[in-house]
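J.: sequence-free structure coming up:
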Ligand code: SF4
């Protein structure tokens with residue numbers, strides 16, 4: 001699944017007075033236009049009300065060339081327009097809005113002044129042709145002047161957006177030349193975060209009217225785009241194939257730069273996303289002030305269209321993740337990101353609240369101690385999870401692999417099982433979940449007995465030994481309902497091992513029955529329960545839980561319930577869900593809790609790292625969380641093995657989360673088990689995982705053999721049922 005981004009913004013057209021006379025522009029005026037400070041404050045309050053994260057400051061160029069504008073600026077206490085823009089940005093930052101300014105060609109000094117109060121800035125290159133009819137009367141549209149500003153922004157380390165206008169009279173060759181010119185500046189400074197490919201559309205004139213008001217009205221009423229205006233004589237033709245060619249050129253010339261397509265200026269955006277475009281730009285809550293008659297499609301509408309093609313729409317900030325640090329941003333602006341939008345900061349092991357030192361010097365000794373199964377300190381574990389040096393990561397891998405060989409041998413195990421998610425109705429509302437649905441949601445479901453029985457029978461036909469059952473937290477279910485599903489499963493297939501009910505579901509049973517966890521487990525055991533999944537653990541750190549699932553049971557309760565399960569003779573697995581907002585030190589705490597519990601009960605059969613799948617979840621859509629890379633995933637896998645030491649001998653890789661190929665690779669990173677065949681999988685699939693929902697035993701055996709290891713089918717509790725030795729070489 002590919003992630004396509006957009007920024008939730010609000011446009012402030014601070015001044016439309018402009019020194020240029022571009023023929024395509026319906027935005028600029030040559031009369032005095034300047035929002036007064038109280039009007040700016042009102043608009044900023046409106047931006048907050050409309051839940052914008054970015055303030056797009058859009059202006060004409062050097063409006064103070066107009067004497068009346070200059071006079072008004074002076075009366076507001078500003079010697080020039082840049083000072084007024086900076087003032088507006090400061091007021092935006094105070095409200096938690098991140099300013100992105102697009103105010104035309106600026107000199108180095110003005111760029112630097114704005115850098116102090118903006119998260120990013122932008123200037124379209126537009127074209128490399130210096131003689132376009134459309135630019136007559138606009139000296140700063142000369143490509144050299146514009147490239148000078150773009151280059152200066154790079155020298156000043158300003159995260160920057162640029163782009164080209166397509167169809168303003170340039171030739172197809174010049175379009176690619178313009179992209180080459182941007183690629184050359186980017187190669188020097190690495191500051192271009194995205195390149196906009198904007199197809200020219202002709203506008204009606206708005207003499208005497210305020211484009212911002214027209215845009216806002218169009219956006220609020222979600223009107224269809226206005227009547228098509230015939231292109232002027234100087235325009236050049238553009239079609240979808242040409243735009244496709246330009247998307248490909250961008251990807252080729254600047255593979256690390258986003259490609260932005262305005263989704264309101266043509267119906268091509270979805271085809272261009274398919275071609276490789278990565279971003280849909282800022283979707284202003286108050287419309288497009290440059291093309292006011294073209295409202296933006298709504299994010300839910302775009303999300304539906306993208307989902308149908310296997311893509312996920314996700315919010316981003318105006319500053320891209322790779323620039324969110326002190327090198328690229330002023331501390332005051334970075335502080336707003338840290339306070340308001342911390343989840344968008346890529347996980348760099350720095351900690352986003354109190355800064356926490358990562359003691360990488362501890363890593364070599366920690367690896368040695370872990371190789372011998374010794375427990376590691378919190379600082380050591382934190383350093384392992386935060387490690388970024390490739391040699392140290394390779395050392396971690398080798399140590400994890402050796403520990404695996406010692407504790408679990410070479411045989412790769414798996415279980416033939418079937419998942420049944422009996423209902424997805426859930427009242428908890430975890431931000432990382434794409435599965436749970438409100439009772440009235442059209443996507444809510446609840447299997448009836450016949451459906452349930454059919455699924456159990458399918459499991460039997462498939463040769464399953466285990467049935468794994470988990471559901472949402474259904475508000476109407478009582479302990480008797482949960483017992484009922486177990487009994488029904490046993491009635492249909494008494495031979496199946498029932499591995500069921502997360503700690504959260506058990507907590508719900510306790511609440512509705514008034515019984516303690518031990519008594520609930522006693523009842524569930526009587527009804528046929530064989531073992532408990534160690535899910536709902538997420539990260540066993542209350543700070544993390546409060547942020548991603550505030551309604552979920554706290555750590556102490558999770559521990560209490562799992563301990564009660566072990567005390568009742570029901571062994572469990574234990575999981576961790578990582579790769580979202582958690583910090584390395586919080587994973588270290590998770591491992592401390594797991595090891596201590598295991599030292600008390602010895603009840604964990606296996607540890608299952610579950611990497612977070614963000615695409616269709618709240619965290620992914622609106623909090624900027626991206627899927628963890630394969631490399632980071634594998635590194636974490638090794639760190640989990642080392643953190644477990646000798647406490648839990650089996651480490652599983654989840655092919656549903658990471659794909660079978662990466663899971664097979666994880667066999668070199670400390671993993672000895674590939675989990676189950678599943679047959680049905682809703683939780684990861686609905687979060688956007690595309691690694692399938694079912695595997696045949698032969699697939700898992702094949703993956704083990706391809707990794708040079710023998711395989712064996714096991715039961716839930718790790719008795720080997722059938723061995724699959726490595727084929728003898730011919
Ligand atoms: S993770 Fe579980 S408890 Fe949380 S919303 Fe999803 S189904 Fe409900």
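T.: Arrived safely, thanks for sending. No experiment lies behind these values; they were computed from the predicted model shown.
J.: against the ligand, how distant is residue 55?
T.: To the ligand, residue 55 is 33 Å away according to CB to the nearest ligand atom, to the nearest Å. For glycine as for every other residue, the C-beta is placed from the backbone atoms N, C-alpha and C.
J.: my read: that residue touches residue 99, true?
T.: Yes. In this structure, residue 55 sits in contact with residue 99. The criterion is CB atoms under 8 Å, and the distance is 4.8 Å.
J.: now list whatever residues contact both of those two.
T.: 88, 89, 92 (CB atoms under 8 Å, 6 or more residues apart in numbering).
J.: tell me how far the last one lies from residue 441.
T.: In other words, residue 92. Residue 92 sits 36 Å away from residue 441, going by CB to CB, to the nearest Å.
J.: chain neighbours aside, what residue packs nearest to residue 145?
T.: The spatial neighbour of residue 145 that comes closest, neighbours along the chain excluded (CB to CB, 6 or more residues apart in numbering), is residue 105 at 5.4 Å.
J.: isn't the one you found right next to residue 123, touching?
T.: Yes. Under the criterion of CB under 8 Å, residue 105 makes contact with residue 123 at 6.8 Å.
J.: between those two, what contacts are shared?
T.: Common contact partners of residue 105 and residue 123 (CB under 8 Å, 6+ apart): 146, 149.
J.: what mean pLDDT does stretch 420-429 get?
T.: In this model, stretch 420-429 has an average pLDDT of 95.
J.: please point out which parts of it sit buried.
T.: 420, 421, 422, 423, 424, 425, 426, 428 (16 or more other CB atoms under 10 Å).
J.: what's across from the first one in the sheet?
T.: In other words, residue 420. The partner list for residue 420 in beta bridges (DSSP bridges) reads residue 469.
J.: which residues touch it?
T.: For residue 420, the contact set (CB under 8 Å, 6+ apart) comprises 447, 452, 455, 456, 459, 467, 468, 469, 680.
J.: in PyMOL, how would I select the buried members of the residues you listed?
T.: For selection in PyMOL, the members of the contacts of residue 420 meeting the burial criterion (16+ other CB under 10 Å) are listed in this command:
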select buried, resi 447+452+455+456+459+467+468+469+680
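J.: of the contacts of residue 420, which belong to helices?
T.: Mapping these onto helices (DSSP state H) picks out 452, 455, 456, 459.
J.: for this structure, longest strand please?
T.: The residue-count maximum for a strand in the chain (DSSP state E) belongs to strand 2-15.
J.: next structured bit after that one?
T.: Once the chain leaves strand 2-15, the next helix or strand it forms, by DSSP states H and E, is helix 37-49.
J.: next, the buried residues of that next one.
T.: Across helix 37-49, burial judged by 16+ other CB under 10 Å covers 40, 43, 44, 47.
J.: against which helices or strands is the following helix or strand past it packed?
T.: Once helix 37-49 ends, the next helix or strand along the chain (criterion: DSSP H and E) is strand 54-59. Contacting strand 54-59 under the criterion 3 or more CB pairs under 8 Å, 6 or more residues apart in numbering; DSSP states H and E are the following elements: strand 2-15, helix 81-94, strand 98-102, strand 279-284.
J.: looking at these, which is closest to the ligand?
T.: With CB to the nearest ligand atom as the criterion, the ligand lies closest to strand 2-15 of the helices and strands packed on strand 54-59, at 20.9 Å.
J.: from the middle of its chain, how far away would the helix or strand of the chain with the lowest mean pLDDT be?
T.: Comparing helices and strands within the chain by mean pLDDT, DSSP states H and E singles out helix 683-687 as the least confident, with a mean of 77. With CA atoms, centre = their mean, to the nearest Å as the basis, helix 683-687 stands 14 Å off its chain's centre.
J.: quick check: next helix or strand after it?
T.: Elements were assigned by DSSP H and E; along the chain past helix 683-687, the next helix or strand is helix 697-706.
J.: would you mind checking the average pLDDT for that next one?
T.: Helix 697-706 shows an average pLDDT of 96 in the prediction.
J.: related to what we said a few turns ago, mind checking pLDDT for the residue nearest to residue 145?
T.: The predicted local distance difference test score for residue 105 is 96.
J.: that one is in what secondary structure piece?
T.: With elements taken from DSSP H and E, nothing contains residue 105; it lies in neither a helix nor a strand.
J.: tell me which residues touch it, please.
T.: Applying CB under 8 Å, 6+ apart, we find residue 105 in contact with 61, 123, 140, 145, 146, 148, 149.
J.: which positions in this protein make contact with the ligand?
T.: Within the chain, the positions near the ligand by CB under 6 Å from any ligand atom are 426, 428, 429, 430, 433, 435, 436, 472, 473, 504, 549.
J.: closest to residue 572 out of those?
T.: Distance to residue 572, by CB to CB, is smallest for residue 504 among those, at 13.3 Å.
J.: touching, residue 157 and residue 190? I think so.
T.: No. Under the contact definition of CB under 8 Å, residue 157 does not touch residue 190, with a separation of 9.0 Å.
J.: what about the residue of the stretch 151-300 of the chain found nearest the ligand, helix or strand, and which?
T.: Using CB to the nearest ligand atom, residue 300 is the residue of the stretch 151-300 of the chain that sits closest to the ligand, at 19.9 Å. According to DSSP H and E, residue 300 maps onto helix 299-308.
J.: on that earlier part again, can you list residues touching both of residue 157 and residue 190?
T.: By CB under 8 Å, 6+ apart, no residue touches both residue 157 and residue 190.
J.: returning to that earlier point: quick one: residues contacting the residue of the stretch 151-300 of the chain closest to the ligand.
T.: Applying CB under 8 Å, 6+ apart, we find residue 300 in contact with no residue.
J.: what does residue 174 give?
T.: 127, 128, 129.
J.: ok, back up a step: can you flag the buried ones in the residues of the chain next to the ligand?
T.: Judged by 16+ other CB under 10 Å, buried ones among the residues of the chain next to the ligand: 426, 428, 430, 433, 435, 436, 472, 473, 504, 549.
J.: between those residues, which is closest to residue 399?
T.: Proximity of those to residue 399 was ranked by CB to CB; the top entry is residue 549 with 32.7 Å.
J.: skipping adjacent residues, who's closest to that closest one in space?
T.: Ranked by CB to CB, 6+ apart and with sequence neighbours excluded, the top spatial neighbour of residue 549 is residue 430, at 3.8 Å.
J.: name the SS class of the one you found, please.
T.: Residue 430 falls in the coil class when you classify it by DSSP: H, G, I helix; E, B strand; the rest coil.
J.: what distance separates the start and the end of stretch 433-442?
T.: 17 Å (CA to CA, to the nearest Å).
J.: wait, stretch 537-546
T.: Stretch 537-546 stretches 13 Å from its first residue to its last (CA to CA).
J.: so which residues make contact with it?
T.: Applying CB under 8 Å, 6+ apart, the set of residues contacting stretch 537-546 from outside is 430, 432, 503, 548-549, 552, 554-555, 558-559, 574-578, 581-582, 586-587, 589-590, 593-594.
J.: residues near the closest residue to the ligand within the stretch 51-200 of the chain, how many?
T.: Relative to the ligand, the nearest point of the stretch 51-200 of the chain is residue 51 (22.4 Å; CB to the nearest ligand atom). By the measure other CB atoms under 10 Å, the count of residues near residue 51 is 10.
J.: show the contacting residues for it.
T.: With contacts defined as CB under 8 Å, 6+ apart, residue 51 is in contact with 8, 285.
J.: run through this structure and note the low-pLDDT ranges.
T.: Within the chain, the ranges that satisfy pLDDT under 70 run 207-208, 222-228, 347-355, 729-730.
J.: how does it look with 50?
T.: Across the chain, the stretches falling below the confidence threshold (pLDDT under 50) are 348-352.
J.: please identify which pair of the contacts of residue 105 lies farthest apart.
T.: For those, the maximum inter-member distance is 14.2 Å, found between 61 and 148 (CB to CB).
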